[in-house]
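Chemist: below are the sequence and a predicted model for it; my questions follow.
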Amino acid sequence: MEVDNAWAWNILRADEAHFHLQGSVNTQNCRIWARENPFQTQALPLHSQKVTVWCGFMASFIVGTVFLEEIGPSDPVTCTVNGTRYESLLRNHLVPAMQQRRCVDSTIFMQDGAPPHIATPVKQLLNLHFGIDRIISRHFPTAWPPRSPDLNPCDFWLWSYLKDVVYGGPIANLADIKKPALRNTFTISPLKHSDLLWNMMFCAFSS
């Protein structure tokens, strides 16, 4: 059997993240122990305004940044990720970008098992362009390992890096989120990509 030593560098790792206008805190991580219940409440919107960002991370470049949004009455409106929208994103952004770089035939596509990622139109599109043997995802022969954000540089580095940049300055509206997110994605050097993958491979094989 022929071994491809460059396989890890040929993986495109896809993911999306939310950037909230007021920031977002996972309150499940907050616990306060007290002798009495203060019975105090603070009225807040259930969900703050947000921008949903998608990126595809390769060893030497990033596909994106793509914002999940639709045309509104005056400005673009962030929309919920579903199978139809995700298929449209891949078809209109990912596939042309990979074709332009002439690397579709050598790329392994990897994504987590979120329901929109495994909708029937999405699976058909991925199978058409990458082939069933070059897809790592739920509902494919090579499944995404559950609870494995350490396999995706978007999860363990990119989103944290971009949020540090975005929330490092004043934010008045969604445009103040989108501009630095877009600008700083394209300033990440290929050397940084390579270093991240080398470190990830080192951790995987030394554990």
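Modeler: Noted; the coordinates are in hand.
Chemist: burial count for A97?
Modeler: Counted with other C-beta atoms under 10 Å, residues neighbouring A97 total 19. Any C-beta I mention is one placed from the backbone N, CA and C, and that applies to glycine too.
Chemist: and it, backbone torsions?
Modeler: phi -60, psi -40 (degrees, to the nearest 10).
Chemist: go on, C103?
Modeler: Torsion angles at C103 (phi, psi; degrees, to the nearest 10) stand at phi -130, psi 10.
Chemist: what of I11?
Modeler: I11 adopts backbone torsions of phi -90, psi 130, taken as degrees, to the nearest 10.
Chemist: beta partners of it?
Modeler: Taking DSSP bridges, one obtains I108 as the residues bridged to I11.
Chemist: and it, how far from H93?
Modeler: Computed as C-beta to C-beta, to the nearest Å, the I11 to H93 distance reads 18 Å.
Chemist: can you give me the helices in the protein?
Modeler: 83-89, 95-100, 120-130, 153, 159-166, 175-185, 190-206 (DSSP state H).
Chemist: more crowded one of I11 and H93?
Modeler: It is I11, of I11 and H93, that has more neighbours when counted by other C-beta under 10 Å, with 19 against 16.
Chemist: mind listing what the more buried one touches?
Modeler: The neighbourhood of I11, defined by C-beta atoms under 8 Å, 6 or more residues apart in numbering, consists of 58-59, 107-110, 136.
Chemist: sounds good, over and out.
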